[in-house]
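**Student:** Show me how the following folds:
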Amino acid sequence: MSITTEDQKIGMQQASDAVAITLKKMREFAKPGISTKELDNYGGQLLVQMGARSAPMLTYGFPGHTCISINEEAAHGIPSANKILKEGDLINIDVSAELNGYWADNGGSFVLGEDIHGHGKLIEASKEILRKAISNIKGGVRISEIGRLIETEAKKAGYTVIKNLTGHGIGRSLHEEPHEIANYCDRFNFTRFKKNSVVAIETFISTRSTIADTQADGWTLRGNKGGFVAQHEHTIMVTGGQPVIFTAKNGIWD
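**Tutor:** This is a model prediction of the structure:
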């Protein structure tokens, strides 16, 4: 969507606060011994308390309020009573929701407890690449150039990017134009970021893979060459200068 009124901006901010606060509190709630289903139920309760509705449930009939991906899972992990969190797990939580007709999306990867498996470097790379990408977005910038920046920074850090998972426009529905904000330079994409538009920018930084493949459950994604993936995401408004970061309350950069 394109924000043309102050009321629209307030609506986007309220929806973004709901998903950002939910993500932050879910990260704090996660501990060894609980299941991803317990963690998801907690997130679902938080959304309800704020008057928000789970976007993946509403849009796709996803079997969970949020997507929780563990270790080798790249994205869209289904919350399960059989998945028990352990010390050192690489966890990704992606929270998107609708509130009063506005939609917002955010996500983040983190290590549970002590980083006994050494995932910290990958996570920090993902966070910093997202920060750099967002700081370079303004009206008129080619979407493919931000993709080039993300992939270049990933390569410098010794990583690859997942090419078939992308950021996207958002606002009045979960996915809007532009439908693909890729993590690499798509030389066939000539579109540019438009001032006042709302987009969800997300990194998918991998230790090994370049494509995410759907698993037998029809939802969960894993890298085509194995390894691990870190994702971080903010919903932002493009301006003529530095973007407005609507989901700043998630604290993924804290």
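
**Student:** quick one: contacts of stretch 26-33?
**Tutor:** Contacts with stretch 26-33, where a contact means C-beta atoms under 8 Å, 6 or more residues apart in numbering, come from 39, 42-43, 46, 66, 84-87, 91, 93, 95, 108, 110, 112-113, 251. C-beta coordinates here come from the backbone N, C-alpha and C atoms, glycine included.

**Student:** 6 Å instead?
**Tutor:** Stretch 26-33 is contacted by residues L39, Y42, G43, L85, K86, E87, I93, F110, L112 when judged by C-beta atoms under 6 Å, 6 or more residues apart in numbering.

**Student:** partner residues bridging H234?
**Tutor:** Assessed by DSSP bridges, H234 has beta-bridge partners I201.

**Student:** repeat for the one 10 residues further on
**Tutor:** Residues found in beta-bridge contact with V244 (criterion: DSSP bridges) are M237.

**Student:** residues touching Q13, list them.
**Tutor:** F246.

**Student:** What strand or helix carries it?
**Tutor:** helix 6-29 (DSSP states H and E).

**Student:** Please, where are all the helices along the stretch 51-200 of the chain?
**Tutor:** Using DSSP state H, counting those that start in this stretch, the helices of the stretch 51-200 of the chain run over residues 55-60, 120-135, 143-156.

**Student:** Would you format the ones you listed as a markdown table with mean pLDDT and mean neighbour count included?
**Tutor:** Formatted as a markdown table, the helices of the stretch 51-200 of the chain follow (pLDDT from 0 to 100; neighbours: other C-beta atoms under 10 Å):
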| stretch | mean pLDDT | mean neighbour count |
| --- | --- | --- |
| helix 55-60 | 97 | 18 |
| helix 120-135 | 98 | 19 |
| helix 143-156 | 98 | 19 |
